[in-house]
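1. Please work out how this folds:
(3 chains)
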Amino acid sequence: MRQSTTMLTIATPGQGMHEVTRQIASWLDGEGYDTGLLTIFCRHTSASLLIQENAAPAARRDVERYFARIAPESSDYEHDDEGPDDMPAHLRSALTQTQLSIPVIDGALALGTWQGIYLFEHRRRPHRRTLALHMLGE
Amino acid sequence: MRQSTTMLTIATPGQGMHEVTRQIASWLDGEGYDTGLLTIFCRHTSASLLIQENAAPAARRDVERYFARIAPESSDYEHDDEGPDDMPAHLRSALTQTQLSIPVIDGALALGTWQGIYLFEHRRRPHRRTLALHMLGE
Amino acid sequence: MRQSTTMLTIATPGQGMHEVTRQIASWLDGEGYDTGLLTIFCRHTSASLLIQENAAPAARRDVERYFARIAPESSDYEHDDEGPDDMPAHLRSALTQTQLSIPVIDGALALGTWQGIYLFEHRRRPHRRTLALHMLGE
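-> Residues are numbered from 1 along each chain as shown, chains lettered A, B, ... in the order given. Coordinates of the predicted model:
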């Protein structure tokens, strides 16, 4: 049994879901595991992780609109030092995931056919985000 | 240290929370671990995982009604090719879990007394769902 | 590769987010790992886990108010045997996390600068809560 770690930096173009499946699978391929557990940890509280449908762009846009609606920008937040998109970013992060662990079986992530891994950027401006990756297996 | 994996297929009778604690514990018992980490990964974007109260059926029904209310069927979604229950299924999945990891201590899942593991089917029709299970420990 | 487990008991003063980063990091330090994966599992369905902004108390209060608003106390729940704060507690747990796994790199949790680990108590009265901790690494 062995383990590997890395920090993956993703430049997001601003608000929305950005697929990162390929970057993660590519790092994993280079590490040469057959079986194990991959953990993705988002080191931010205004961006988060989500596994979603990877085939229909319309579904992705509906997800983005939904989170904009249930955790909207508003003048009612007490915390607004960093702009109107800051507090909703924390709420949308709280409603989705900061961490995902995915089994690796037969040398590949055990994702379903229609599943993609997304980094969900909640701030309006582009950001550099860091994902800590940890792989344990053999 | 060693690991075990399997694919668990669950036939859901349609929308709602279906307890899978027994099937998962039963597979785990057969693998003979004393200590470790069990990961359950749902390979779908229109069904998800949830740990909830396992004693009160009324609580389970309230949870189901709640998600039907905050992520309702509606004609406002852009993505509707697969029917009116498809987009709400993706949203309810996004709000709950695609993956759960549970410590195994003294040969058993470290669940609290009132905790059950549920597969939350979000589509109206019965489906066959696959959970990837991964156990690491000794 | 080796593993460690413990049960961490937290006395919550009632509803709200209670930071537990220090207690968890302190246990981990005593176990002496350099690299691995720490899993925190909340053994309750009316309290949950959340990684959030640790610098701004106003952001924490906004998160608390938000969950009180989207999963409110109400007379519309079928399950109300344990009081008006019980069913909303299950819903707020369902919307946040029961489990978190955090990579350990260079002897420390790979948390971002502004991330804290919170136990989110959803019941009005003080409770004793148990978190199962599991560490795997070397």
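
2. Check whether the closest residue to residue A:46 other than its chain neighbours sits in a helix, strand or coil.
-> When the adjacent residues along the chain are set aside, residue A:46 lies closest to residue A:89, with 3.5 Å between them (C-beta to C-beta, 6 or more residues apart in numbering or on different chains). From N, CA and C alone the C-beta is placed, and that goes for glycine too. Here residue A:89 is recorded as helix under DSSP: H, G, I helix; E, B strand; the rest coil.

3. so the longest helix seen in chain A versus helix C:57-70, what angle?
-> Using DSSP state H, we find that the single longest helix of chain A is helix A:57-70. Using axes from the mean of the first three to the mean of the last three C-alpha atoms, to 10 degrees, the direction of helix A:57-70 lies 100 degrees away from that of helix C:57-70.

4. and the regular element (helix or strand) spanning residue A:29, how far out from the chain's middle?
-> Residue A:29 is located in helix A:21-31, with elements delineated by DSSP states H and E. Distance of helix A:21-31 from its chain centroid, counting by C-alpha atoms, centre = their mean, to the nearest Å, is 15 Å.

5. Can you spell out which helices and strands pack onto it?
-> Other elements packing on helix A:21-31 under the criterion 3 or more C-beta pairs under 8 Å, 6 or more residues apart in numbering or on different chains; DSSP states H and E are strand A:2-12, strand A:36-42, strand A:108-109, strand A:115-121, strand A:127-137.

6. For that helix, C-alpha coordinates in CSV please.
-> Output of helix A:21-31 as CSV, limited to C-alpha atoms (Å, rounded to 0.1, in the frame of the first residue of the first chain):
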residue,chain,number,x,y,z
THR,A,21,-12.3,15.3,-14.5
ARG,A,22,-9.5,15.3,-17.1
GLN,A,23,-6.9,17.1,-15.0
ILE,A,24,-7.6,14.8,-12.1
ALA,A,25,-7.6,11.5,-14.1
SER,A,26,-4.4,12.6,-15.9
TRP,A,27,-2.5,13.1,-12.6
LEU,A,28,-3.9,9.8,-11.4
ASP,A,29,-2.8,7.9,-14.5
GLY,A,30,0.8,9.1,-14.0
GLU,A,31,0.8,7.7,-10.5
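
7. What residues are bridge-paired with residue A:12?
-> In this structure, residue A:12 bridges to residue A:127 when assessed by DSSP bridges.

8. Next one, pLDDT for it please.
-> Residue-level confidence at residue A:12 comes out at 98, pLDDT.

9. which of the residues in stretch A:117-129 are buried?
-> For stretch A:117-129, the neighbour count (16 or more other C-beta atoms under 10 Å in any protein chain shown) marks A:117, A:118, A:119, A:120, A:121, A:122, A:123, A:127, A:129 as buried.

10. quick one, what contacts the residue lying closest to residue A:68 once chain neighbours are set aside?
-> Take residue A:68 and drop its neighbours on the chain: the residue closest to it by C-beta to C-beta, 6+ apart is residue A:88, 7.7 Å away. In this structure, residue A:88 makes contact with A:68, A:71, A:72, A:73, A:74, A:77, A:122, judged by C-beta atoms under 8 Å, 6 or more residues apart in numbering or on different chains.

11. Can you verify the fourth one is assigned to a strand?
-> Right, the one you point to is residue A:73. No. Read with three-state DSSP, residue A:73 is coil and lies in no strand.

12. Next up, the contacts around it.
-> Residue A:73 sits next to A:84, A:85, A:88 when contact means C-beta under 8 Å, 6+ apart.

13. I'd like the distance from the second one to chain B, if you could.
-> Counting by C-beta to the nearest C-beta, to the nearest Å, the separation of residue A:85 from chain B is 19 Å.

14. Also residue A:121?
-> Distance from residue A:121 to chain B, by C-beta to the nearest C-beta: 15 Å.

15. ditto for residue A:47
-> 15 Å.

16. Could I get the pLDDT score of that residue?
-> For residue A:47, the model assigns a pLDDT of 98.

17. and it, how many neighbours?
-> Residues within reach of residue A:47, counting by other C-beta atoms under 10 Å in any protein chain shown, total 26.

18. what sits opposite it in the beta ladder?
-> Note on residue A:47: beta-bridge partners by DSSP bridges are residue A:121.

19. contacting residues for residue A:100?
-> Applying C-beta under 8 Å, 6+ apart to residue A:100 gives the contacts A:39, A:40, A:49, A:51, A:117, B:98, B:99.

20. again, only this time at 7 Å
-> For residue A:100, the contact set (C-beta atoms under 7 Å, 6 or more residues apart in numbering or on different chains) comprises A:40, A:49, A:51, A:117, B:99.

21. I'd like those residues as JSON lines, with distance to residue A:27 appended.
-> What follows is those, written out as JSON lines (distance: C-beta to C-beta, whole Å):
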{"residue": "A:40", "distance to residue A:27": "10"}
{"residue": "A:49", "distance to residue A:27": "16"}
{"residue": "A:51", "distance to residue A:27": "17"}
{"residue": "A:117", "distance to residue A:27": "12"}
{"residue": "B:99", "distance to residue A:27": "19"}
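
22. Go through those and give me the one with the most neighbours.
-> In terms of neighbours by other C-beta under 10 Å, these top out with residue A:51 at 28 neighbours.
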